[in-house]
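Novice: Below are the sequence and a predicted model for it; my questions follow.
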Amino acid sequence: MQPVVVPIDKPMAEVNATNARTQWAAISGKHIAYRSIGHGDPIIFCQRFRGNLDDWDPAFLDELARHYRVITFDYTAMGSSTGSPNRDMLMFAYDVIDLADALGIDKFIMGGWSFGGWVAQIVTTEFPERIRQTILLGTRPPGKVTHPMEDIFLATAYMSDNSLDDEVILFFEPISATSREAARLSHERINARTIDRDREVEPASWQHYSEGAEDYINDPYDARRKLTETNIPILVISGDHEICFPPENWFELNRQLPTTQVVVIPRAGHGPHHQYPAMVANYIHAFIRNSK
């Protein structure tokens, strides 16, 4: 089924992450809201807990859009998307596959941040024939892990409204002046959008992330084992102070994951691509270019 396209006011050459208009793909009883910028091999990015289309740093997306078609979207029944809410990880994964099908995309680069990294891994292990490479930002492997998130993350993430100071705690490294300044600049870039703002993910929807989390930890898809057998190149990028999903959980799988590379950035937190948008985009581009 063809997507429902909202007319774009500007020539394609001027479209970027700050002014790209929201479009909708109509898919069997639901409408998935998405934005698309750039040209080239497609990358579909899955968003974090509570994140919507406006919560990606435009500098990161624009840098990637120099080489790729970058697609971001809202999960079913969240943000500006409609339909019945997802209740397990496979349903979240089908949002990606349904969107790709609606856009006529056969194979693509799979990306995900935080909870979106969980979705990306289920897409990768359940639909490997569709995936070229997988990019995981600030996330953790499936199943049970040894290193838990810090209590301050949950206490801050579940506040009804998050301030810039909260964003420093959630996504950056509070002890670093460089990271705190990067948080301020990223906050300004994200809030530079003045048109076509997305709807917030309502607190009533947060339970569906929890349902997905329980499913991901129980791992009925055997995704953890499948990652040890995949031939799909996987890049993990993490901050060294990852208060949500410590990179040590990936280290424990050293020599078990045949295609996974792990990059850990010092004095960075849960959003390394917001602290260093150009650098992280360049890591991703180099990985994709050299792992085809």
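Specialist: Structure received.
Novice: Who is residue 33 paired with across the strands?
Specialist: Applying DSSP bridges to residue 33 gives these bridge partners: residue 24.
Novice: Quick check: it touching residue 53?
Specialist: Yes. With contact defined as C-beta atoms under 8 Å, residue 33 reaches residue 53; the gap is 6.5 Å. C-beta: built from backbone N, CA, C; applies to glycine.
Novice: between those two, what contacts are shared?
Specialist: Here residue 33 and residue 53 share the contacting residues 22, 73-74, 79-80, 198, scored by C-beta atoms under 8 Å, 6 or more residues apart in numbering.
Novice: Which of those are buried? Put it as a ChimeraX command.
Specialist: Per 16 or more other C-beta atoms under 10 Å, the buried members of the shared contacts of residue 33 and residue 53 correspond to this ChimeraX selection:
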select :22,73,74,79,80,198
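Novice: So which of the shared contacts of residue 33 and residue 53 is the closest to residue 134?
Specialist: Nearest to residue 134 among these is residue 73, at 16.6 Å by C-beta to C-beta.
Novice: what sits opposite the closest one in the beta ladder?
Specialist: Note on residue 73: beta-bridge partners by DSSP bridges are residue 34.
Novice: Touching, it and residue 33? I think so.
Specialist: Yes. The pair residue 73 / residue 33 is scored as a contact, 6.4 Å apart, by C-beta under 8 Å.
Novice: which non-adjacent residue is nearest residue 249?
Specialist: Spatial nearest neighbour of residue 249, excluding adjacent residues (C-beta to C-beta, 6 or more residues apart in numbering): residue 145 at 4.2 Å.
Novice: Model confidence score at that neighbour, please.
Specialist: Looking at residue 145, its pLDDT is 97.
Novice: now it: how far from residue 224?
Specialist: According to C-beta to C-beta, to the nearest Å, residue 145 and residue 224 sit 10 Å apart.
Novice: returning to that earlier point: which residues do residue 73 and residue 33 both contact?
Specialist: The contact sets of residue 73 and residue 33 overlap at 53, 81 (C-beta under 8 Å, 6+ apart).
Novice: what sits against residue 223?
Specialist: Applying C-beta under 8 Å, 6+ apart, we find residue 223 in contact with 121-122, 125-126, 142-143.
Novice: Pull the most distant pair out of the residues you listed.
Specialist: Applying C-beta to C-beta across the contacts of residue 223, the maximum distance is between 126 and 143, 15.0 Å.
Novice: I would like the residues contacting stretch 203-217, please.
Specialist: Applying C-beta under 8 Å, 6+ apart, the set of residues contacting stretch 203-217 is 49-50, 77-78, 85-90, 92, 115, 118-119, 122, 142-144, 158, 160.
Novice: 7 Å instead, please
Specialist: Applying C-beta atoms under 7 Å, 6 or more residues apart in numbering, the contact partners of stretch 203-217 are 49, 77-78, 85-89, 92, 115, 118, 142-144, 160.
Novice: Okay, buried residues for it please.
Specialist: Using 16+ other C-beta under 10 Å as the burial criterion, the residues of stretch 203-217 that qualify are 205, 208-209, 211-212, 215-216.
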